[in-house]
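Visitor: All I have is the shape, not the residue letters:
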């Protein structure tokens, strides 16, 4: 039998990368379709869902709305403005693996919601823009935490293309823009990157054993 060859490992890496790409497209595509279905139903109900499941700051009833408010939008134009960056950033995060993606998503979701609940202004907040800012911040900083030059290069490209959206984390006079959701999502994304960074090696740990010289050779039985 063959214990292993370099060509086998390269093939497995390509299959893994292709699998992640397929999974990312399916997951983000399915999530966006869900958002449009919800918005369609919400429109038929004259956006009554926003007042039931939208996030109300500093309201005890509003705590549970943290789980639902990113799924709702003010109108289709609002949803359209979030769709493309959400798909792009979410897909790129998914390419690092499902565990990494779910961690970034959870921290962005909760960070955005907690920020709105704690320091949000009056009214009801809805929209997935906090997730957009969370994924974007995660992609910007993770390369520096991981000391990965490819990820750093990607962050530079993303910053050049989308860096202007970071102004959305600043307090604004436009009452319809929730900078609190943007800021909370971005903070959540940074925390996710910090949590997922490679752990330092424990001092005194034994060095890895040398590779088996027989690896990749045919063994007769």
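Guide: Arrived safely. None of these values were measured; they are calculated from a predicted model.
Visitor: Please count neighbours and contacts with C-alpha atoms only from this point.
Guide: Will do.
Visitor: Report the secondary structure state of the nearest residue to residue 166 once chain neighbours are set aside.
Guide: Counting by Cα to Cα, 6 or more residues apart in numbering, residue 133 is the residue found nearest to residue 166 once chain neighbours are left out, at 7.8 Å. Classification of residue 133 using DSSP: H, G, I helix; E, B strand; the rest coil returns helix.
Visitor: cool, and residue 200?
Guide: When classified by three-state DSSP, residue 200 comes out as coil.
Visitor: could you measure it against residue 190, distance?
Guide: Note on residue 200: its distance to residue 190, by Cα to Cα, to the nearest Å, is 19 Å.
Visitor: Could you do residue 160 as well?
Guide: According to Cα to Cα, residue 160 and residue 190 sit 19 Å apart.
Visitor: Give me the more crowded residue out of these two.
Guide: Between residue 160 and residue 190, counted using other Cα atoms under 10 Å, the more crowded position is residue 190 (25 against 10).
Visitor: List the contacts of that one.
Guide: Neighbouring residues of residue 190 by Cα atoms under 8 Å, 6 or more residues apart in numbering: 134, 137-138, 141-142.
Visitor: State the helix or strand in which it lies.
Guide: Element membership for residue 190 (DSSP states H and E) is helix 179-195.
Visitor: for residue 30, same thing?
Guide: If you go by DSSP H and E, residue 30 is part of helix 6-44.
Visitor: Report the distance from whatever helix or strand comes next after that helix to the chain centre.
Guide: Downstream of helix 6-44, the next assigned helix or strand under DSSP H and E is helix 48-53. For helix 48-53, the gap between its own C-alpha mean and the chain's C-alpha mean amounts to 25 Å (Cα atoms, centre = their mean, to the nearest Å).
Visitor: as a whole number, average confidence for the helix or strand that comes right after helix 48-53?
Guide: Next helix or strand after helix 48-53 toward the C-terminus (DSSP H and E): helix 76-94. The pLDDT scores in helix 76-94 average 96.
Visitor: the inter-axis angle of the following helix or strand past helix 76-94 versus helix 76-94?
Guide: The helix or strand immediately downstream of helix 76-94 is helix 98-119, counting by DSSP H and E. Helix 98-119 runs at 140 degrees relative to helix 76-94, counting by axes from the mean of the first three to the mean of the last three Cα atoms, to 10 degrees.
Visitor: what's helix 98-119 packed up against?
Guide: With contacts defined as 3 or more Cα pairs under 8 Å, 6 or more residues apart in numbering; DSSP states H and E, helix 98-119 has these neighbours: helix 76-94, helix 129-146, helix 179-195.
Visitor: buried residues in that helix?
Guide: The neighbour-count check on helix 98-119 (16 or more other Cα atoms under 10 Å) flags 100-101, 103-117 as buried.
Visitor: show me the contacts for residue 194.
Guide: Residues in contact with residue 194 (Cα under 8 Å, 6+ apart) are 142, 145.
Visitor: repeat that for 7 Å
Guide: residue 145 (Cα atoms under 7 Å, 6 or more residues apart in numbering).
Visitor: Check residue 21 too.
Guide: So residue 21 contacts residue 95 (Cα under 7 Å, 6+ apart).
Visitor: Do I have it right that residue 186 meets residue 140?
Guide: No - contact criterion Cα atoms under 7 Å: residue 186 and residue 140 do not qualify, at 10.1 Å.
Visitor: Of those two, which one has the most company?
Guide: Neighbour count, other Cα under 10 Å: between residue 186 and residue 140, residue 186 has more, with 28 against 23.
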